[in-house]
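Asks: pasting the sequence and the predicted model now:
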Amino acid sequence: MTSREKILAAVKKSQPPAPPSTPTRLDGALPVEAKTQFKEIVKAIGGSVIEIENTGQIAGHVGQKFPAEASILCSVPGAGIGTPPNDGVVFEKLNLVILRANFAVAENGAVWITDRLLPDRVLPFICEHLALVIDASDIVPTLTEAYEIIGSDQYHFGTFIAGPSKTADIEQSLVLGAHGPKSLTVFMLAEKN
Amino acid sequence: MTSGTKQKDHATLAGIFNDDEARVDWHDKTLWFVRHKRDLAARQLPEWEQLRNNASQIKNFVLSNLHELLLDFERNAIFNGAHVHWAETPEEHNDIVKNIIARHGVTKVVKSKSMLTEECHLNEHLEKNGIEVVDTDLGERIVQLANEPPSHIVLPCIHWKKEEIGELFHQHLGTPKGVSDPVVLTSAARQHLREQFMTSKAAITGGNFAVAETGEVVVCTNEGNADLGVQLADVHIVCIGIEKIIPARKDLAIFLRLLARSATGQPITTYSSHFRRPRAGQEMHIVLVDNGRSARLGSDDYRAGLKCIRCGACFNTCPVYRRSGGHSYHTAVAGPIGSILAPALDMKKYADLPFASTLCGSCSNVCPVKINIHEQLYKWRQDLVRNGHVPLSKRLGVGMMRIALSNVRVFRMGGWIVRRIMEHFPSILTGSFNPWSKQRELPAAPRQSFREWYKQNRAKK
Amino acid sequence: MTVGLFIPCYVDQFYPRVGIATLELLEKCGVQVIFPPAQTCCGQPMANAGFEYLSDGCNALFVKNFGECEYVVSPSGSCVLHVKDHLHVAGGDEKCEKIRSRIYELTEFLTDVLKLKSLEASFKHRVGLHQGCHGQRGLRLAQMSELVAPHFSKTEQLLALVDGLELVSLDRKDECCGFGGTFSISEEAVSVKMGKDRVADHQRHGAEYITGSDMSCLMHLEGILKRQQSPLKVVHIAEILNSSQ
């Protein structure tokens, strides 16, 4: 018998009878002002939210924070800033990466992004600073609604990103920029009309 | 433990830890702060207790259907392009991992936090085979540089002071002597580990959840170390226990809402990465480890321990853990949950752990999947005694107690004698043999017991 | 209403005043109290040490003494919880079940059965409440700080009826004191440290007395206070509720 067969046989023998009822799961959460809550939480976890009318405004905000010579990669159409992906950029030298993301969650400030929006999977982790762009209308109250949206999406890789990389391993002192980005900016695109 | 040195028990190690009372105070306060943050986070969600119920029910469902769920997971993971391995024992697990790495001709591997690999002592095995392991979680890297195991499953170096870390980094990473600012130290570690990430072809991660329905593995970190390691490596090896399976992707909504809030009081970890398919050209291996889990699944008393999602909330709330430090538990997973998991692996070696508790029950109350930790501690005590894993002195003491308490005449007489001794010759009872009196006074001995008073004042009425 | 009074072994021998206060308090409330004379112990000292099977003698005595009582009341949450969870005798399931469903810790008996709304008691002091864990988390005498649930406290409810009593707030409302039965001996260092920290919380908040519904916790804290020669004293809640100073 292989280990696989042995383990599976042991599990089959050991597992208790199924509980009489199948597990219940919470339905939708209480209504919240999702946009407001999202902004508050992102701030609380060390990130920042900038509301913009259109992607053309991103360049102006970036220009205020980063010098002209900064190495910037941007995958957002119409942003008119930085290098587009796949142009021989050295990832580990990137000062700023700006990416379109799928949607966001109010209760925890997390932004969901899958590999389809990632020119390279390592980008959101390797850059010094990260900016994610979402539509204000794409903010759901809790993870419950988030996973309803994700559904059975066949992404290869997907991740929730909530704030900048951080650690509190030294005496519970919070330090931003453990291994990944030292800052996270969420550009929130105003709802149409 | 290597032969020759006898493993000291929890009480002895905790006694040594308590020699430095200021340090105990510091350790206690730091962890209480984390418990407090957890309370604040939980109170943000009016549905908190319902979430705990749901999580517990889903985990119960998993335990009852683990066989089918494991098969589902395996099928879907293989469909996704991952290789699935099965290991009955730590040795088998370690060999599988070593062989994968060796096949790629790699001599260095970056590893993000995985309590399973701590349980299996993977690092030692790989190092013995010429493979360098770099733990990339900051706390884990600190204890690795210090050649120590983690003292907490979520906060691995919670027992280290920043000045000590500064000294450690001075020796190993060349930071200036005397520097202890967490920002500076973290920045030094970032640089040092960035080099490791850029040059490592293999990455090991644990897994917080393995989804049967999709074959994906979810890894949660705050630092981003798992993602950096995996996304830069040619080979990704996921090491998980078979109990990490959850049925469906939507169940993640419940567990991710509970996990970080319970662990550190954050609403979610910075990164919750869902690894479904390896990227083009990358290999993904998933090693499913049993190591006693299937046997525990068959135990009505201890099965629930398999529901654990390793949040560490029971550590932070435990008044004993906070005042004895993780290393006093001499096992990979310390604290209350470790005290019910470890004896299942080795009853003799960990016979002391279920007694390292006052059975206050706070652990069971914070547990996001509602494991009856304190009840299992009580059950382990009975099993350990029944199997002869309790010192003779304790057996004799309890045997005498039984004689005195099972017969009212013996009890009355014994009580009277003890009170007379306390009254007239207290030093007989407060000698060095009585740990009670080391730092506490005995109660004052009253002339009359309650029953004597009752007989005199009420019985004849 | 007749109540069988169970006085825990160590209270009987070392703190008779707590037994007396409990008895007098119940009598004041119009309850007829009997004290079965052949009682000893609930068996917890053996059981928590892992020797539940050696508590057979205690269990048999307990059933013999209290099997016929309408209610059983005891001034100890810990002992009551032990009886509720673990009282078994061979072939005596029915009797044990009856006792387990009718045994009450003193304060819950006062609030839940007698539904006490007023009390002629006076205790003009600043008091800190140490709610023992078994009473709180086991018997649910008060809401637990870990849960997201509405606050209640049967103990505080009773203390609020006492004239002149000022309840102090604590930094850690329901942290364990570290007694833990044989834990207090086998894990002496941690046990004492927990007790010292518990005492310090009350001292920081200017309490003159520490009260609680478990004398075992209070015995441990008293041992530490006396060694420290602290003016802070311990007093069982029965003594406060029965007090008219």
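Replies: Right, received. Where do you want to start? Quantities reported herein were computed from a predicted structural model and do not represent experimental measurements. Numbering: from 1, shown residues only, chains lettered A, B, ... in the order given.
Asks: can we go C-alpha only for contacts and neighbour counts from here?
Replies: Fine.
Asks: what's the distance between B:Gln448 and chain A?
Replies: 53 Å (C-alpha to the nearest C-alpha, to the nearest Å).
Asks: thought that residue was touching C:Pro16?
Replies: Yes: with contact defined as C-alpha atoms under 8 Å, B:Gln448 counts as touching C:Pro16 (7.3 Å).
Asks: burial measure for the closest residue to A:Glu51 other than its chain neighbours, as a count.
Replies: Distances taken as C-alpha to C-alpha, 6 or more residues apart in numbering or on different chains place A:Met188 nearest to A:Glu51, at 4.7 Å, with adjacent residues excluded. Number of residues near A:Met188 (other C-alpha atoms under 10 Å in any protein chain shown) recorded here: 24.
Asks: ok, now B:His121?
Replies: 17.
Asks: quick one on the thing from earlier: helices or strands next to the helix or strand the residue nearest to A:Glu51 falls within in the packing?
Replies: Take DSSP states H and E as the rule and A:Met188 turns out to sit in strand A:183-189. Applying 3 or more C-alpha pairs under 8 Å, 6 or more residues apart in numbering or on different chains; DSSP states H and E, we find strand A:183-189 packed against strand A:48-52, strand A:129-135.
Asks: contacts for it?
Replies: With contact meaning C-alpha atoms under 8 Å, 6 or more residues apart in numbering or on different chains, strand A:183-189 is reached by A:46-55, A:58, A:128-136, A:163-165, A:176-177.
Asks: one step back: more crowded one of B:Gln448 and C:Pro16?
Replies: More crowded of B:Gln448 and C:Pro16, by other C-alpha under 10 Å: C:Pro16, with 23 against 17.
Asks: not counting sequence-adjacent ones, nearest residue to the more buried one?
Replies: In this structure, C:Pro16 finds its nearest non-sequential neighbour in B:Phe450, 4.2 Å apart by C-alpha to C-alpha, 6+ apart.
Asks: list the contacts for the one you found?
Replies: C:Val11, C:Asp12, C:Gln13, C:Tyr15, C:Pro16, C:Arg17, C:Gly19, C:Ile20.
Asks: helix/strand/coil for residue 64?
Replies: I'll assume chain A. Assigned with DSSP: H, G, I helix; E, B strand; the rest coil, A:Gln64 falls in the helix class.
Asks: before we move on, what about B:Thr269?
Replies: Strictly by three-state DSSP, B:Thr269 counts as coil.
Asks: so what pLDDT did the nearest residue to it once chain neighbours are set aside get?
Replies: Distances taken as C-alpha to C-alpha, 6+ apart put B:Asn222 closest to B:Thr269, at 5.3 Å, once the chain neighbours are dropped. As predicted, B:Asn222 sits at a pLDDT of 97.
Asks: neighbours around B:Asn222, how many?
Replies: 27.
Asks: can you verify my assumption that it contacts B:Pro267?
Replies: No: using C-alpha under 8 Å, B:Asn222 makes no contact with B:Pro267, being 11.7 Å away.
Asks: need the nearest residue in space to A:Thr36, chain neighbours excluded.
Replies: A:Ala106 (8.0 Å).
Asks: residues contacting the one you found?
Replies: Each residue near A:Ala106 by C-alpha under 8 Å, 6+ apart is listed here: A:Ala34, A:Lys35, A:Thr36, A:Gln37, A:Phe38, A:Lys39, A:Ile41, A:Ile139, A:Val140, A:Pro141, A:Thr142.
Asks: buried ones among those residues?
Replies: A:Ala34, A:Lys35, A:Gln37, A:Phe38, A:Lys39, A:Ile41, A:Ile139, A:Val140, A:Pro141, A:Thr142 (16 or more other C-alpha atoms under 10 Å in any protein chain shown).
Asks: closest to chain C among those residues?
Replies: Relative to chain C, the closest of the buried ones among the contacts of A:Ala106 is A:Thr142; by C-alpha to the nearest C-alpha it sits at 18.5 Å.
Asks: the strand holding A:Met188 - what's its average pLDDT?
Replies: pLDDT averaged over strand A:183-189 gives 97.
Asks: and stretch B:338-358, by the same measure?
Replies: Averaged over stretch B:338-358, pLDDT sits at 96.
Asks: mind listing what's buried along that stretch?
Replies: Buried residues in stretch B:338-358, defined by neighbour count with 16+ other C-alpha under 10 Å: B:338-344, B:347, B:349-358.
Asks: please flag which of the residues you listed sit within strands.
Replies: When strands are assigned by DSSP state E, not one member of the buried residues of stretch B:338-358 lies inside them.
Asks: now, the contacts of A:Ala106 that are in helices?
Replies: Of the contacts of A:Ala106, the ones assigned to helices by DSSP state H are A:Ala34, A:Lys35, A:Thr36, A:Gln37, A:Phe38, A:Lys39, A:Ile41.
Asks: could I get the residues you listed as CSV with pLDDT and distance to B:Asn60?
Replies: Output for those, formatted as CSV (pLDDT from 0 to 100; distance: C-alpha to C-alpha, whole Å):
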residue, pLDDT, distance to B:Asn60
A:Ala34, 91, 33
A:Lys35, 93, 36
A:Thr36, 94, 37
A:Gln37, 95, 33
A:Phe38, 97, 33
A:Lys39, 97, 37
A:Ile41, 97, 33
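Asks: quick one: which of the residues you listed is nearest to chain B?
Replies: A:Ile41 (8.6 Å).
Asks: leaving out chain neighbours, which residue sits closest to that closest one?
Replies: What sits nearest to A:Ile41 in space, not counting adjacent residues and going by C-alpha to C-alpha, 6+ apart, is A:Gly109, at 5.3 Å.
Asks: run the chain-centre distance for the helix or strand hosting C:Cys58.
Replies: Per DSSP H and E: C:Cys58 is located in helix C:56-66. Here helix C:56-66 is found 20 Å from its chain centre; the criterion is C-alpha atoms, centre = their mean, to the nearest Å.
Asks: residue contacts, the closest residue to C:Gly43 other than its chain neighbours?
Replies: Of all residues not flanking C:Gly43 in the chain, C:Ser55 sits nearest, at 4.9 Å (C-alpha to C-alpha, 6+ apart). For C:Ser55, the contact set (C-alpha under 8 Å, 6+ apart) comprises B:Arg402, B:Ser406, C:Gly43, C:Gln44, C:Met46, C:Ala47.
Asks: and these as JSON lines, adding secondary structure and neighbour count?
Replies: Shown next, in JSON lines, are these (DSSP: H, G, I helix; E, B strand; the rest coil; neighbours: other C-alpha atoms under 10 Å in any protein chain shown):
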{"residue": "B:Arg402", "secondary structure": "helix", "neighbour count": "22"}
{"residue": "B:Ser406", "secondary structure": "helix", "neighbour count": "24"}
{"residue": "C:Gly43", "secondary structure": "coil", "neighbour count": "30"}
{"residue": "C:Gln44", "secondary structure": "helix", "neighbour count": "23"}
{"residue": "C:Met46", "secondary structure": "helix", "neighbour count": "24"}
{"residue": "C:Ala47", "secondary structure": "helix", "neighbour count": "21"}
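Asks: report the two of the residues you listed separated the most.
Replies: Greatest spacing in the contacts of C:Ser55, by C-alpha to C-alpha: B:Ser406 and C:Ala47 (13.4 Å).
Asks: now do the strands in chain C.
Replies: Under DSSP E, chain C gives strands at C:2-5, C:32-34, C:71-74, C:103-105, C:126-129, C:166-167, C:209-212, C:233-236.
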